[in-house]
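Asker: Sequence and predicted structure, then a few things I'm wondering about:
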Amino acid sequence: QVQLVESGGGLVQPGGSLRLSCAASGSIFSIYAMGWYRQAPGKQRELVSVITTSGGSTNYADSVKGRFTISRDNAKNTVYLQMNSLKPEDTAVYYCNVKGAPNYSEYVRGNEYDYWGQGTQVTVSS
């Protein structure tokens, strides 16, 4: 079993900042990438940002470029999302995502599994 524990969501005024954290624990052999998705009411879940654990390559949705910064601590299996200049349209449930292999057998096969956190609410409103 893999557990993803998210924290840092909440209510913030437009222009404010929040920092999300997600710590992965449990039975996972190798983590390839960690990231964040979000889902607003009535909309599909969308990628916000992702970072690879090897090399630290990052990718951002166009809507958050220049405002959000993703980082990770490989030793702690933790990913962070620093969100600045928040806008009302950033309001959503934010989900942590980890892509990895649960054991050595799957790792050598090159198989990739998705693991999800329970989600944390971010509300941007005055």
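Answerer: Right, received. Where do you want to start? On a predicted model such as this, the values are computed, not experimentally measured, just so you know.
Asker: Identify the residues contacting the spatially most central residue of the chain.
Answerer: With the centre of the chain defined as its mean C-alpha position, the nearest residue by Cα atoms, centre = their mean is Trp36, 2.4 Å away. Shown in contact with Trp36 (Cβ atoms under 8 Å, 6 or more residues apart in numbering): 20, 22, 47-50, 70, 79, 81, 94-97. For the C-beta atoms, the positions are set from N, CA and C on the backbone; glycine is no exception.
Asker: where do the strands sit along the protein?
Answerer: Here the chain has its strands, by DSSP state E, at 2-7, 10-12, 18-26, 30-39, 46-52, 58-60, 68-73, 78-83, 92-101, 113-116, 120-124.
Asker: Now render those as a markdown table, adding distance to Tyr107.
Answerer: Formatted as a markdown table, the strands of the chain follow (distance: least, Cβ to Cβ, whole Å):
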| stretch | distance to Tyr107 |
| --- | --- |
| strand 2-7 | 14 |
| strand 10-12 | 37 |
| strand 18-26 | 16 |
| strand 30-39 | 5 |
| strand 46-52 | 15 |
| strand 58-60 | 23 |
| strand 68-73 | 19 |
| strand 78-83 | 20 |
| strand 92-101 | 4 |
| strand 113-116 | 10 |
| strand 120-124 | 29 |
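Asker: Reformat the ones you listed as JSON lines; add mean pLDDT.
Answerer: Putting these into JSON lines (pLDDT from 0 to 100) gives the following:
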{"stretch": "strand 2-7", "mean pLDDT": "93"}
{"stretch": "strand 10-12", "mean pLDDT": "97"}
{"stretch": "strand 18-26", "mean pLDDT": "95"}
{"stretch": "strand 30-39", "mean pLDDT": "95"}
{"stretch": "strand 46-52", "mean pLDDT": "97"}
{"stretch": "strand 58-60", "mean pLDDT": "97"}
{"stretch": "strand 68-73", "mean pLDDT": "96"}
{"stretch": "strand 78-83", "mean pLDDT": "97"}
{"stretch": "strand 92-101", "mean pLDDT": "96"}
{"stretch": "strand 113-116", "mean pLDDT": "95"}
{"stretch": "strand 120-124", "mean pLDDT": "97"}
